[in-house]
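build the 3D model from these lines:
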Amino acid sequence: MTNQPKIKLGIAPIAWTNDDMPELGSENSFEQCISEMALAGFTGTEIGNKYPKDPKALQEKLKLRNLEVASAWFSTFLTTKPYTETAEAFIQHRDFLWAMGAKVIVVAEQGHSIQGKMDTPLFKDKPQFTDAEWVKLTEGLEALGELAHEKDMEIVYHHHMGTGVQTTAEIDRLMKETDPTKVFLLFDTGHLVFSGENPLQIYKAYQDRIKHIHFKDIRDTVTQEVKAENNSFLSAVKQCAFTVPGDGVIDFKPIMSEIEKANYTGWIVVEAEQDPAVANPFEYALKARNYLKKECKI
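Below you'll find the predicted structure:
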């Protein structure tokens, strides 16, 4: 096993029920989801659309299964809406996660995002922020970071396909133009490789600012088809472009080696937004857990 005991291993509910396309996994209940997470050997979860909104009720269900909350996604609209709208919603989200014991808050800018548009080509129509929008984004994120600090928490920015922060150059700019004490980074293997980036390069460059990790694999034949046919992000998800570690083309061993060398402390969350009717969530959770135990020693 790894000599880094401060790493916790979680899994996201998106394999059971999809937040962007609720029809995917609509038949899977919340309790089935968290029970199968625990049965597969995970100790943490992020938050899905079927989870109880009351912290006490959710805590009771998770405690029965020895699960903790790692974090949860929050959509910012700093480039397209007044800051106050994002801040008000953020405080409510922050307080919920704080009550659940989470230490980081996943944020992703959704201004101009095409990730939720079924018919918009993922690469051809990828949004690009103007210089003025970059200022709104970076200043807004720093302000959200300050709000997170009120609860002794941090924000971690999720670079994401179909958004204005997806590529290496965009991640570099975000990191360069934000205060390193207020804005941290979520490192997502699947989104980086899908976009054509080098995950090892990103990790090495920003290891001091990475406070949350998503382990996601990709099926290269599907992602190449998505590019060639100008398909959308949601279409890519339905085509099962993503999968769990050990089932795609990413070699996680050198990535895990860098994570350990950096003495990373925090969560590694397995993610794979697939159609659960095609890829049974429990079977794939077990596949991921076994791969990470055998090949990455976690």
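
what number of residues lie near the residue lying closest to K117 once chain neighbours are set aside?
Using CB to CB, 6 or more residues apart in numbering and skipping the chain neighbours, the partner closest in space to K117 is S232 (6.1 Å). C-betas here are computed from N, CA, C, even on glycine. Here the neighbour count serves as a burial measure; for S232 (other CB atoms under 10 Å) it reads 22.

and S232, how far from E197?
Between S232 and E197 the distance is 20 Å, computed by CB to CB, to the nearest Å.

repeat that for K253.
For K253, the distance to E197 under the criterion CB to CB works out to 19 Å.

where do the strands of this structure begin and end?
For the chain, strands defined by DSSP state E occupy the ranges 7-11, 44-46, 68-71, 73-76, 104-109, 154-158, 183-188, 210-215, 217-218, 242-243, 266-270.

the last one to strand 183-188, inter-axis angle?
Computed by axes from the mean of the first three to the mean of the last three CA atoms, to 10 degrees, the angle separating strand 266-270 from strand 183-188 equals 30 degrees.

show me what strand 266-270 is in contact with.
Contacting residues not belonging to strand 266-270 are listed as 6-12, 42, 44, 46, 70-71, 103-104, 211-216, 244-245, 259, 285, 288-289, 292, 298 [CB atoms under 8 Å, 6 or more residues apart in numbering].

chain center to that strand, what's the gap?
Centroid separation between strand 266-270 and its chain, computed with CA atoms, centre = their mean, to the nearest Å, is 9 Å.

and the top helix by length along the chain, what does it pack against?
In terms of residue count, the longest helix belonging to the chain (DSSP state H) is helix 131-149. Applying 3 or more CB pairs under 8 Å, 6 or more residues apart in numbering; DSSP states H and E, one finds that helix 131-149 contacts strand 73-76, helix 83-99, strand 104-109, strand 154-158, helix 168-176, strand 183-188.

redo those as JSON lines? Include distance to S35, mean neighbour count and mean pLDDT.
Putting the helices and strands packed on helix 131-149 into JSON lines (distance: least, CB to CB, whole Å; neighbours: other CB atoms under 10 Å; pLDDT from 0 to 100) gives the following:
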{"stretch": "strand 73-76", "distance to S35": "22", "mean neighbour count": "20", "mean pLDDT": "98"}
{"stretch": "helix 83-99", "distance to S35": "22", "mean neighbour count": "16", "mean pLDDT": "98"}
{"stretch": "strand 104-109", "distance to S35": "24", "mean neighbour count": "24", "mean pLDDT": "98"}
{"stretch": "strand 154-158", "distance to S35": "27", "mean neighbour count": "25", "mean pLDDT": "98"}
{"stretch": "helix 168-176", "distance to S35": "36", "mean neighbour count": "16", "mean pLDDT": "98"}
{"stretch": "strand 183-188", "distance to S35": "26", "mean neighbour count": "25", "mean pLDDT": "99"}
